[in-house]
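Novice: predicted model, plus sequence, below.
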Amino acid sequence: MRPYSVTYTPADDSTNGIATSTNSAAGVAFTQVATNAADNLAHLIIITPSKSVTGNYTITGTDADGKAQTETLATNTTSAVTSVKYYLTVTSVLAPAGITDATVQIGWTDDIVSPTYPLDWASTAAADIQVDVTGTINYTVQETFANVLAGTAAAWSSISALASKTALTASVASVGATAFRVLINSLTTGATFTIYTSQPVRR
């Protein structure tokens, strides 16, 4: 695998970057002002109602790799609710049955995941991974052994030497790992991270 690098400037959290104080009939999509955080990264989605609502929000969009996904997010509270899945884009959020006259704000958090980066699983050499940062940012690199190129759902585990780091750090994925990704655990506005990786060719 040839060496490569990519740099991201992740968007900080926003409570209303996707929708601002909007109401909709039950089962109808809220009006959106945007579909994503404009940073090419996937974020958890946060929905904040103006008063108590009941039922389920239905979120439709794409995951970190641009694949379609949907999620049913239960609510029965005045508090904000946060998605379980990470979204690169949000194409619609359907209002819950008990929306009544409440308005909602829809945005994203600074819990972020990068796209999936495939590795040469057949190589006898581990892939080298380095992450560099500017500003204040906390990140974790995860790996998987799932056949991601065939569309198999991945189970992710952290690379211990690259977990909860805040500065330039380098380590290796496991031999046989099929892919890696970077999680952003927290950040301040303007922070950036650059991923570098290389892996010797199989022998």
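Specialist: Happy to help now that I have it.
Novice: now Q142. Nearest residue, chain neighbours left out?
Specialist: Leaving aside its sequence neighbours, Q142 sits nearest to W156 (C-beta to C-beta, 6 or more residues apart in numbering; 4.2 Å). The C-beta positions use only the backbone N, C-alpha and C, and glycine is treated the same way.
Novice: so what does that neighbour look like in phi/psi?
Specialist: Backbone dihedrals for W156, given as degrees, to the nearest 10, come out at phi -110, psi 140.
Novice: in its sheet, what does the helix or strand where Q105 lies sit against?
Specialist: In this assignment (DSSP states H and E), Q105 forms part of strand 104-113. Applying DSSP bridges to the sheet, strand 104-113 is found paired with strand 14-22 (antiparallel), strand 42-49 (antiparallel), strand 179-187 (antiparallel).
Novice: buried stuff in the first one?
Specialist: The reference is to strand 14-22. 14, 16-20, 22 (16 or more other C-beta atoms under 10 Å).
Novice: now flag whichever of these is closest to K85.
Specialist: Nearest to K85 among the buried residues of strand 14-22: I18, at 14.6 Å, using C-beta to C-beta.
Novice: residue ranges with poor pLDDT in the protein?
Specialist: 1, 202-203 (pLDDT under 70).
Novice: between the strands paired with strand 104-113, which gets nearest to S5?
Specialist: Checking those against S5 by C-beta to C-beta gives strand 179-187 as the closest, at 12.4 Å.
Novice: give me the buried positions along that closest one.
Specialist: 179-184, 186-187.
Novice: what is the burial count for the nearest residue in space to D12 that is not next to it in sequence?
Specialist: Spatially, and ignoring its direct neighbours in sequence, D12 is nearest to T189 (4.4 Å; C-beta to C-beta, 6+ apart). When neighbours are counted by other C-beta atoms under 10 Å, T189 registers 12.
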